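Asker: just a sequence and a predicted model for now, questions to come.
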Amino acid sequence: MIPLLIGIGVVLLPAVTMVFAYNKLVKLRNRFKNAFAQIDVQLRRRYDLIPNLVETAKSYMKHESETLEAVVRARNQAVAAEKNAAAAPDDPEAMKSLFGTESQLGNAVGRLMLTVERYPDLKANQNMMQLTEELSSTENKIALARQAYNDAVMNYNTKREVFPNVIFAQLLNFTEALQFEITDGQEREAVKVSF
């Protein structure tokens, strides 16, 4: 009887361990996907603000069409990458594409804000001041959402990499999630939108 119980225990222990590991990994993966959804909401808010910002600046900055076009182009690329990432936040390639386009958009908006500094009438425009305030608020919300996302990704990746979960994660196709990081030193500075 004892050998039978030992045999059952030897069979059941790995199965129970695998079930618990699987369930925990699913919970953590869903948590980081939800955290990305919060970033997604803020990114869409920023994408909606940028055309209004460009339109307001356009009448004052007739000689700066190249800067304005660069912002619009970067925004459109970021929107496309965001749609792909939102569809699959656990796809490393979609996330890398989003990170790259977000960096380009941040740089383009930063150049626009520097250019706006040269136009006192534009800086004093009530609509422009309101838009820049909304953009600044949205940038802060994006930063907070990124932090929550990165924390969720770290928890997921850590759980995925510890023993015995590492074995089950590979068997059950739980791939590594990427943190939302900024790699370029210039991009690490926040977009300045104050006047």
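Answerer: Yep, that arrived.
Asker: mean confidence for whichever strand or helix holds residue 21?
Answerer: Here residue 21 sits within helix 2-58, counting by DSSP states H and E. Average pLDDT, helix 2-58: 90.
Asker: how about stretch 161-180?
Answerer: Mean predicted lDDT for stretch 161-180 stands at 89.
Asker: list the buried residues in that stretch.
Answerer: Residues of stretch 161-180 classed as buried: 165, 168, 169, 174, 177, 178, 179, 180 (neighbour count, 16 or more other C-beta atoms under 10 Å). Every residue, glycine included, has its C-beta placed from N, CA and C.
Asker: among these, which pair sits farthest apart?
Answerer: The largest separation in those, counting by C-beta to C-beta, is between 168 and 180 at 26.1 Å.
Asker: list phi and psi for the closest residue to residue 58 other than its chain neighbours.
Answerer: Take residue 58 and drop its neighbours on the chain: the residue closest to it by C-beta to C-beta, 6 or more residues apart in numbering is residue 68, 6.0 Å away. With angles defined as degrees, to the nearest 10, residue 68 sits at phi -60, psi -40.
Asker: ok, of the buried residues of stretch 161-180, which one's closest to residue 49?
Answerer: residue 180 (19.8 Å).
Asker: what number of residues lie near the closest residue to that closest one other than its chain neighbours?
Answerer: Spatially, and ignoring its direct neighbours in sequence, residue 180 is nearest to residue 146 (4.7 Å; C-beta to C-beta, 6+ apart). By the measure other C-beta atoms under 10 Å, the count of residues near residue 146 is 21.
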